[in-house]
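Participant: The following comprises the amino acid sequence and a computationally predicted model.
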Amino acid sequence: MTTHHQTKNLQGQATPLPDAGGHFGHFGGRFVGETLMPALLELEEAYHEFVPQKDFQNELNRLLNDYAGRPTPLYHAQRLSKHLKGAAIYLKREDLTHTGAHKINNTIGQGLLARWMQKHKLIAETGAGQHGVATATTAALFGMECKIFMGVEDIQRQAPNVQRMQLLGAEVVAVDSGTGTLKDAMNEAMRFWSAAVQDTFYVIGSVAGPHPYPAMVRDFQKIIGQEARRQILKAADRLPDVLVACVGGGSNAMGLFYPFLDDAVEMIGVEAGGSGVKTGKHAATLGAGGVGVLHGSKSYVLQDDNGQIKEAHSISAGLDYPGVGPEHAHLKANNRARYVSINDDEALEAFRLLCSLEGIIPALESAHALAFAIQEAPRRSTDDIMIVNLSGRGDKDLAIAVEHIDMPD
Amino acid sequence: MNRIEILFDKLKHGKSKALVGFVTAGDPNLEISEQLVIAMARSGLDVLELGVPFSDPTSDGPVIQRASARALQQGVTLAKVIDMTRRVRATVDIPIILFSYYNPILAYGTDAFYRDATDAGADGVLVVDLPPEESEDMTAQWPGNDLSIIRLIAPTTPAKRMTAIAKQASGFLYLVSKTGVTGSAGLDTGEVGHHVKMLRNVTQLPICVGFGISTAEHVRAVATVADGVVIGSAFEKLIEENLSDPDLPAILGNQTDFYKKAMDH
C-alpha cells in the first residue's frame, strides 16, 4: 500500500522517507560545510550498517529496558478525563524513564552507535538540559568523554540540570553568542564538531539537523509510538483517535507519531506560542515561520524577510527553538499532521492542573501538549481516545513554575 | 572567459599567485566597508570575497561571527550587499565572489539572486553550507552560467569525493587548510601541501587555500604550493581593532600590500 508518507519510485514500488539524500519531500537534506560532509556520510553508512544488526538491537533493547526503564506505562488519566468531560486521555509516561524524559531513548541509541564506530567522545547541544543530561548519562554509562553546549540563558533557567550534567562527569560549555539559547548552543556544537570531527560523535537531540539525524533520531524515538500502539490496543482494543505531542525540534512527537502514520489516527503537534503568536514572541515555527535552511536541513524556520533567523520565545527552554525537524514540515505540507500553538500561560495552567488532578508534575514542554488536550478533549465524544505524550517530568521547571503559579499557603 | 578565468590565466603566465581577501560586507558599516575593499583592490588584492552577514554562521570562528553581528546591526541584507557590489564594481575590476550561507539566498529567491548578482557585476558565489548534493536547489532555474560556483574541499574530503566536487565547480576550488572554523590557529603547511597535491591529481582548476592564514610566513608557504591564498579573519581582526579609526581603509590597504609582498618573495 502506498501512503501519504511514501513515494513511488520508477519501478512503482513504495519507498519509505527520507530518500537517499535525506529528503522528506521538499524538506530535509544536508546543508553543511564540506568539513562535516564526510563525517555525515560516514555516520549514515554506520547507521545503516550497524543499527539493524541483531547484536546492536539486542544491546539497545537490553539498555532501554533494564537501564532506561522501558516500556513506559500508558496511563489512563481518569480524573483529568472526568474533569474535562470529553475524550478519554491517556498519558504516555516518558517522564518515568531514567533521567526523566524521552531524550534517553535517543542518546542510548546514538551512544551505542558511537561505540560501534569506535568514537569515544560525545558532544551535544541542549536547551532545557534534558538532552544534555541524557547524553551525559549515556557517556558515563559507556565510559566516554562528554561535552555539552548550552546557552547562558538556559544555564540560568535550568540550573538543576547543569549540576546534574556536571555530576555525571560532563563539561558544560556556556554559549553566550547570539541569544544564548538552544539555537546558539547548536551553532557552537557544530563549530566544535568541525574541528574535532575525526574522533568525536555529535549526539543531536532532536529530529533536526542534517541527514541522517532527523531519520536516525526518529528511529531511536519511535519506540514511544510502538509501545503506545501496543498498549492502547491492549487497554481499549482499538487504535486511538488522536495523538498529541509538543514540538520544539519535534523528537518526542515524531517518536509517538511515526508508528501510526499509516493508520487513520489524527496527529496534533503543539508548538510554543510564548506570549502569543500575534505578539511575535513565540516559537511557533510551523505555525508562523517560513521555509528556510538552519542547522543543516531545509524546513520551517522563524526568520525575517532577509533570511536572518529570528529569536524564539517560550517559557519552556526545550521548545525555545526557531527551527523544527524536516519530517514535521513534510507532515504539515501533506496535511498528515496538524500543528497548533499554546501560550506560556496556558501551559502553566495545564502544568498546575496535572499536578493537582493526577499527582504528576509534567515538564513545561509536555505541559504544552497537555494544555491543548485540555482545550480539545471537551469538544470530543467521551468515546474518543486521545494519547498525550508526557515527554518529561517537571522537577527541572519548579523554579519557573513557582514564580508564575499562585502557590497554596 | 570571465574575470576569474582571465585572472588565473594571467597569473599562471606570470608565475605568480592570487591574493584573495575576505571581508564581511557592511562591517563596520556599508560606506566604510566599500572604502575598505576599494583600498584593498588598489593595494594589489587579486580577488575579493564579499561576505554576506548571517545570524547563525556555523562555519565561522569568533572573529567573523562578530563581524557578521556588527554588519547585521547596521541592517545589512543580501540586497544591500548586492548594491554594494554594484558600486564597488564601478570602481574596481578584480573578480568579486559573494560569500554567503544559503538561507539569505533562499529568502532572496535563487533566480532573483542570480539575476541581480550578475547584473551588479559579481563573478562568482560561494555558499558555505550548500554541498554539491543540494546545489541544484539553488541553480535549477538559473538561466545561464555567468556566476562561477566556487566549491569547498576540506581536509576531511576523501579523494573520490574531491573528484566529484571538482567536476561540479567552476572558477577555482577553495581548499580549507584544516578542520575547524574560520580563523582557527595551528596551520600545518606541510599538510596543506599534501592536500593540494591530492587535489591537483583530480582537477585543472586553480586551487586557493584558506582558513587560519594570517602571517607572512603562512602566506609565503601556502603560495609556494597553491594558486592562491585566502585571508579572511586576519583582515576582519584588523577591522575590529580599528573600528572607528578614520584611517581604516589605509590600514587595510597596507595589510593587503604586506601580504602581497610576502607572496611575491
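Facilitator: Cool, got the structure.

Participant: from here on, contacts and neighbour counts on C-alpha atoms
Facilitator: Noted.

Participant: My read is that residue B:27 contacts residue B:36, right?
Facilitator: No - using C-alpha atoms under 8 Å, residue B:27 makes no contact with residue B:36, being 9.6 Å away.

Participant: between those two, which one's more packed in?
Facilitator: residue B:27 (28 against 23; other C-alpha atoms under 10 Å in any protein chain shown).

Participant: so where's the chain uncertain?
Facilitator: In the absence of a named chain, chain A is used. When residues are selected by pLDDT under 70, those of chain A lie in A:1-15, A:409.

Participant: Which one of the residues in it is closest to chain B?
Facilitator: Residue of chain A nearest chain B, by C-alpha to the nearest C-alpha: residue A:195 (3.5 Å).

Participant: Identify the residues contacting the strand or helix carrying that residue?
Facilitator: Element membership for residue A:195 (DSSP states H and E) is helix A:182-196. Residues outside helix A:182-196 that contact it (C-alpha atoms under 8 Å, 6 or more residues apart in numbering or on different chains) are A:35-36, A:123-127, A:149-151, A:154, A:175-178, A:200, A:202, A:295, A:317-318, A:320-322, B:56-61, B:179-181.

Participant: Render the CA-only coordinates of that helix in CSV, please.
Facilitator: Provided in CSV are the C-alpha atoms of helix A:182-196 (Å, rounded to 0.1, in the frame of the first residue of the first chain):
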residue,chain,number,x,y,z
LEU,A,182,19.3,26.3,22.1
LYS,A,183,19.9,27.6,18.6
ASP,A,184,23.3,29.1,19.7
ALA,A,185,24.2,26.0,21.6
MET,A,186,23.7,24.0,18.4
ASN,A,187,25.8,26.6,16.4
GLU,A,188,28.6,26.2,18.8
ALA,A,189,28.4,22.4,18.9
MET,A,190,28.6,22.3,15.1
ARG,A,191,31.6,24.6,15.2
PHE,A,192,33.3,22.4,17.8
TRP,A,193,32.5,19.3,15.7
SER,A,194,34.0,20.9,12.6
ALA,A,195,37.4,20.9,14.4
ALA,A,196,37.0,17.6,16.3
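
Participant: And it, how far out from the chain middle?
Facilitator: Between the centre of helix A:182-196 and the centre of its chain there are 19 Å (C-alpha atoms, centre = their mean, to the nearest Å).

Participant: Is any residue of the following helix or strand past that helix near chain B?
Facilitator: Counting by DSSP H and E, the next helix or strand C-terminal to helix A:182-196 is strand A:200-202. No - using C-alpha under 8 Å from any C-alpha of the partner chain, strand A:200-202 stays clear of chain B, coming no nearer than 12.6 Å.

Participant: partners of strand A:200-202 in the sheet?
Facilitator: Using DSSP bridges, strand A:200-202 pairs in its sheet with strand A:121-126 (parallel).

Participant: Okay, buried residues for stretch A:42-57 please.
Facilitator: A:43, A:44, A:47, A:50, A:51, A:56 (16 or more other C-alpha atoms under 10 Å in any protein chain shown).

Participant: So which residue is smack in the middle of the chain?
Facilitator: Because you didn't say which chain, this covers chain A. Centroid check for chain A by C-alpha atoms, centre = their mean gives residue A:251 as the closest residue, at 2.6 Å.

Participant: wrong one, chain B
Facilitator: residue B:49 (3.5 Å).

Participant: Make sure that one is indeed in a helix.
Facilitator: No - checked against DSSP: H, G, I helix; E, B strand; the rest coil, residue B:49 lies outside a helix; its state is strand.

Participant: re earlier: from residue A:407, how far off is the residue of chain A closest to chain B?
Facilitator: 48 Å (C-alpha to C-alpha, to the nearest Å).

Participant: Equivalent analysis for residue A:375, please.
Facilitator: If you go by C-alpha to C-alpha, the gap between residue A:375 and residue A:407 works out to 23 Å.
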